[in-house]
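In: need a structure here:
(one chain, ligands or ions: 1)
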Amino acid sequence: MQCSTFREAISARLDGEPLGMSSRELDEHLAACRGCTVWAAEAARVTRRARLAAAPVVPDLTAAVLGALPRELPGAAAAARARLVDSALRLALVVVGVAQAVLAWPVLTSGAGAMSAPVHMAHETGAWNLGVAAAFLAVAAGPRLAAGALPFLGSFAALLLPVTVADLGAGHVHAERAVAHLLLLAGVLLVSALAWRGRSRRPVRALGCRQVPA
Ligand SMILES: [Zn+2]
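Out: Numbering: from 1, shown residues only. Here you go, the predicted model:
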C-alpha cells in the first residue's frame, strides 16, 4: 500500500471519519515510515490551528430580522374573518333550528295547530318539522355535516316552497302557516352557505392516497 493511502487514513482519523483500513494497520505504518509520521504531525498541527482560530465577527442581525417580520402571519386576518362569518352563520342556524323546533313541538305532541288536518297527519307533520329542526341544530354544532344534510333539506325546501305558494294562491293555506315555512327556507340557505364555505376545507387525505382537495 502506498504512503498516499495511509495519509488519507491519517486525515480521516483527524476528522473522526472511517479510516478505510484497520487502526492497527495505520499505526504499524506510522511506526515504520518516518515521512508519514512527520506528515501526520504537521496535519495535526494545521488541523488544531484551524479549529482553535477565532470565529470571524459577524453582525448581530436579530433585531433587523425580527423588525422585518410582518406583524401577523399572511392570511391570519382573512382566517379570523372566515371564522367570524362561520360563527355568525352557525349562530343564525341555532336560532332558526330552535324556532323550528318550538313551532313543531306542539303539533307533534297534541296533534293541534296543523289547521284541520287529521290528527295523524298533524303528528307526521310535527315529526318532519322537528326532524328538520334537529338537522339544523346538528349542522350548527358540526358544520362538516352541512353538505351531507343538503340533499334532504334542499329537496324538502325545493318541493315545499312552490306548493306552498300555489296553495296560498288557491286559499288552501293560511298566510300565517305559510310564513312559518320561511324558517325552513332560511335554514336551508344557512346550511347551503356553510356547505359552500366548507368545500375547500375538507381534510387532505393521508400521505400515499395521492388525493388533493378540489
Ligand atoms: Zn509512509
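In: my read: V107 touches T125, true?
Out: Yes. The criterion here is Cβ atoms under 8 Å, and V107 meets it with T125 at 5.9 Å. In short, each C-beta sits where N, CA and C put it, glycine included.
In: between those two, who's got more neighbours?
Out: V107 (22 against 18; other Cβ atoms under 10 Å).
In: skipping adjacent residues, who's closest to the more buried one in space?
Out: Using Cβ to Cβ, 6 or more residues apart in numbering and skipping residues adjacent in sequence, the residue nearest V107 is G126, 3.6 Å away.
In: would you mind measuring from that neighbour to A101?
Out: Note on G126: its distance to A101, by Cβ to Cβ, to the nearest Å, is 10 Å.
In: show me which of these two is the more surrounded one.
Out: Counting neighbours by other Cβ under 10 Å for G126 and for A101 shows that G126 has the greater number, 22 against 18.
In: next, that one: phi, psi?
Out: phi -60, psi -40 (degrees, to the nearest 10).
In: same check, this time on C33
Out: Torsion angles, degrees, to the nearest 10, at C33: phi -110, psi 110.
In: please report how far the closest residue to it other than its chain neighbours lies from the ion.
Out: Closest residue to C33 apart from its sequence neighbours, by Cβ to Cβ, 6+ apart: C3 at 6.4 Å. Relative to the ion, C3 is positioned 3 Å away (Cβ to the ion, to the nearest Å).
In: C3 - how many residues pack around it?
Out: Neighbour number of C3 under other Cβ under 10 Å is 13.
In: so it touches G35, yeah?
Out: Yes. Taking Cβ under 8 Å as the definition, C3 is a contact partner of G35 at 6.2 Å.
In: re earlier: am I right that the residue nearest to V107 is in contact with A104?
Out: Yes. Using Cβ under 8 Å, G126 makes contact with A104 at a distance of 5.1 Å.
In: for the chain, which residues are neighbours of the ion?
Out: 3, 33, 36 (Cβ under 5 Å from the ion).
In: poorly predicted segments of the protein, please.
Out: For the chain, applying pLDDT under 70 flags the ranges 111-117, 200-214.
In: which residue ranges of it form strands?
Out: Counting by DSSP state E, the chain has no strands at all.
In: buried sites along the helix ranked longest in it?
Out: Determined from DSSP state H, the single longest helix within the chain is helix 76-110. Across helix 76-110, burial judged by 16 or more other Cβ atoms under 10 Å covers 86, 89-90, 92-94, 96-97, 99-101, 103-104, 107-108.
In: which one of these is nearest to the ion?
Out: Nearest to the ion out of these is D86 (Cβ to the ion; 76.1 Å).
In: what distance do you get for the closest one to S23?
Out: D86 is 67 Å from S23, by Cβ to Cβ.
In: equivalent analysis for A140, please.
Out: 73 Å.
In: ok, the two, which is more surrounded?
Out: Between A140 and S23, counted using other Cβ under 10 Å, the more crowded position is A140 (24 against 10).
In: what's the closest non-adjacent residue to the more buried one?
Out: L93 (4.0 Å).
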